[in-house]
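K.L.:
requesting a structural model of the entry that follows:
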Amino acid sequence: MKKAIAVLLSGALLFSMTACGGSSSAKSSSAKSETAVSASSAEAASSAETAESAASASTEEETEETAASAEKAESTEAADSGTEEAASSASAASEAAEETASSAASAASGEETAAEIDGDPHEFKLSTHLSAEHGCVKYAQKFAELLEEKSGGNMKIDIYTDGQLGGQTENCEALVAGSVDMTIIDTGTLGSYDPRYGIFDMPYVFSSKEHAQKVVSGEIGAKLNEMASETTGIHPLTIQPILFRNVLLKGKEVRTPEDLKGVKVRVPDNPSIEACFSALGATPVAMPSGEVYTAVQTGVTDGLEGNSEFIVQSKYYEVADTFSKTEHIFTCTCTCISENVYQSLTDSQKALLNECAVEAMDYFYEVYETIEEESDQAMKDAGVTFIEDVDKEALMAACKPALDEFVEKNNLQDVMAEIDALR
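P.N.:
Below is the predicted model of the structure:
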């Protein structure tokens, strides 16, 4: 029994020790587990912190890079802007420099021109019977513009139009007397002072506009200009070939010389034109242009002769309605200066005056490219009847004796031969 109790006690003790050992092992295992978990958690936390730190570092780097990029972009934009502003400033500076250089060059040119033109300043008074819209007045305006520009303001021309200071004859007289410096007149009017100059206004001297241009702008024109300067006190600078003259009558057509027999035709104070209409059997009535409208309207004359531009600008088609294309004379005007005034100029002033007068002729020819067509159309629109089938051969034959007599009387055989050679 004592053995049984001993065995029982031994078994209980073993059980107790086993139980205690198991509990301790469990605690140890649990501790180990907790330690592993704790270590794992720590590692995870550490990894998380490392990741977060890395992420943060990465974000900061990216932010810094972004900021750096932004700064770089801003710097680039600023640089570009600065470059553009610099370029703009440079361009503005360049333009300013160019303008300054141009102004300086212009000023220098003006000073140089003015320096080359010696002599006292001149302001010329130019008077003409022509209207302000007339092509020859436009020529005079271009002439004046060139002269003032090239003389640096040393030489100017004031233009008086529409007969403000007188008609053609009065202007010529004023030119000689010295109350007017310049004028624009018909070449035939100057023929009243030197008959030889009237050759340009004799009937059927010119066969075409081109023929007239070659004659008056060449040696023949220069020769006649020199003749007039020596004998009349009037110095022609240039001759302007304008348009053919025709006949405008009240209800009467002209095709042959017989149609003009006894017809009273207004003509300017021009010996050559008077000789033409006398040869054709008409009665020429000389009067200033300012009196023509009323004279035709009241029957003092049956009509007039002249070129279409002058007729339209003076509105003579309102009192006469039949326009016959006789083309009996080619109208030429001349721009003249008083010989005394011309001789009072210095050589450089004379040279510049001549240069500008000739240069302005290019503009004159441009102006007259369409004037005849436009003027004829204006008359047609106003109801004027045009007679185109004129027997010019018969008119020329009737006028030839007057032309031959004029040439012989004034010893112009050589001049006439030169004119014929240019046809």
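
K.L.:
how about the helices in the stretch 301-423 of the chain?
P.N.:
Ranges of helices within the stretch 301-423 of the chain are 308-314, 339-344, 347-367, 371-381, 392-409, 413-421, based on DSSP state H, counting those that start in this stretch.

K.L.:
mean neighbour count, those helices: which tops it?
P.N.:
helix 308-314 (a mean of 22; mean count of other Cβ atoms under 10 Å). Where C-beta positions appear, they are placed from N, C-alpha and C, glycine not excepted.

K.L.:
alpha carbons of it, as CSV, please.
P.N.:
Only the C-alpha atoms of helix 308-314 are listed here, as CSV (Å, rounded to 0.1, in the frame of the first residue of the first chain):
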residue,chain,number,x,y,z
SER,A,308,-11.8,119.2,-126.6
GLU,A,309,-10.2,119.6,-123.2
PHE,A,310,-10.5,123.4,-123.3
ILE,A,311,-14.1,123.2,-124.7
VAL,A,312,-15.3,120.8,-121.9
GLN,A,313,-13.6,122.7,-119.1
SER,A,314,-15.2,126.0,-120.3
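
K.L.:
now do it: everything it contacts.
P.N.:
With contacts defined as Cβ atoms under 8 Å, 6 or more residues apart in numbering, helix 308-314 is touched by 130-131, 133-135, 242-243, 246, 248, 289, 292-293, 304, 317, 323, 331, 371-372, 375-376, 378-379.

K.L.:
narrow those residues to those in strands?
P.N.:
242-243, 246, 248, 304, 323, 331 (DSSP state E).

K.L.:
out of these, which is nearest to residue 200?
P.N.:
Checking those against residue 200 by Cβ to Cβ gives residue 331 as the nearest, at 9.2 Å.

K.L.:
got JSON lines for the helices of the stretch 301-423 of the chain, with mean pLDDT and distance to residue 277 too?
P.N.:
Formatted as JSON lines, the helices of the stretch 301-423 of the chain follow (pLDDT from 0 to 100; distance: least, Cβ to Cβ, whole Å):
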{"stretch": "helix 308-314", "mean pLDDT": "96", "distance to residue 277": "17"}
{"stretch": "helix 339-344", "mean pLDDT": "97", "distance to residue 277": "31"}
{"stretch": "helix 347-367", "mean pLDDT": "97", "distance to residue 277": "28"}
{"stretch": "helix 371-381", "mean pLDDT": "97", "distance to residue 277": "21"}
{"stretch": "helix 392-409", "mean pLDDT": "97", "distance to residue 277": "9"}
{"stretch": "helix 413-421", "mean pLDDT": "97", "distance to residue 277": "21"}
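
K.L.:
list the contacts of the residue sitting nearest the centre point of the chain.
P.N.:
Most central in the chain under Cα atoms, centre = their mean is residue 363, positioned 10.6 Å from the mean C-alpha point. Residue 363 makes contact with 138-139, 142, according to Cβ under 8 Å, 6+ apart.

K.L.:
now the residue nearest to residue 204 when sequence neighbours are not counted: how far from residue 418?
P.N.:
Nearest residue to residue 204 in three dimensions, chain neighbours excluded: residue 396, at 4.7 Å (Cβ to Cβ, 6 or more residues apart in numbering). Distance from residue 396 to residue 418, counting by Cβ to Cβ, to the nearest Å: 20 Å.

K.L.:
any idea how far residue 322 is from the residue nearest to the centre of the chain?
P.N.:
According to Cβ to Cβ, residue 363 stands 34 Å off from residue 322.

K.L.:
where along the stretch 151-300 of the chain do the strands fall?
P.N.:
For the stretch 151-300 of the chain, the strands defined by DSSP state E, counting those that start in this stretch occupy 155-160, 182-186, 234-249, 264-267, 283-286.

K.L.:
tell me which residues of the longest one come out buried.
P.N.:
Using 16 or more other Cβ atoms under 10 Å as the test for burial, strand 234-249 gives 234-249.

K.L.:
next: the last one.
P.N.:
Within strand 283-286, the residues that count as buried by 16+ other Cβ under 10 Å are 284-285.

K.L.:
in CSV, list the helices of the stretch 301-423 of the chain along with distance to residue 168.
P.N.:
Formatted as CSV, those follow (distance: least, Cβ to Cβ, whole Å):
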stretch, distance to residue 168
helix 308-314, 12
helix 339-344, 18
helix 347-367, 19
helix 371-381, 20
helix 392-409, 20
helix 413-421, 23
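
K.L.:
and those: which comes nearest residue 157?
P.N.:
With Cβ to Cβ as the criterion, residue 157 lies closest to helix 347-367 of those, at 9.5 Å.

K.L.:
and the angle for that closest one with strand 182-186?
P.N.:
40 degrees (axes from the mean of the first three to the mean of the last three Cα atoms, to 10 degrees).

K.L.:
could I get the CA-only coordinates of helix 347-367 as CSV?
P.N.:
Taking C-alpha atoms only, helix 347-367 is exported to CSV below (Å, rounded to 0.1, in the frame of the first residue of the first chain):
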residue,chain,number,x,y,z
ASP,A,347,23.9,130.2,-113.6
SER,A,348,23.1,127.5,-111.1
GLN,A,349,19.5,128.9,-110.7
LYS,A,350,19.1,128.9,-114.5
ALA,A,351,20.3,125.4,-114.8
LEU,A,352,18.0,124.1,-112.1
LEU,A,353,15.0,126.0,-113.5
ASN,A,354,15.6,124.4,-116.9
GLU,A,355,16.2,121.0,-115.4
CYS,A,356,12.9,121.0,-113.4
ALA,A,357,10.9,122.3,-116.4
VAL,A,358,12.1,119.5,-118.6
GLU,A,359,11.7,116.8,-115.9
ALA,A,360,8.1,117.8,-115.3
MET,A,361,7.3,117.0,-118.9
ASP,A,362,7.3,113.3,-118.1
TYR,A,363,4.4,114.0,-115.8
PHE,A,364,2.7,116.1,-118.5
TYR,A,365,2.8,113.2,-121.0
GLU,A,366,1.2,110.9,-118.4
VAL,A,367,-1.6,113.4,-117.8
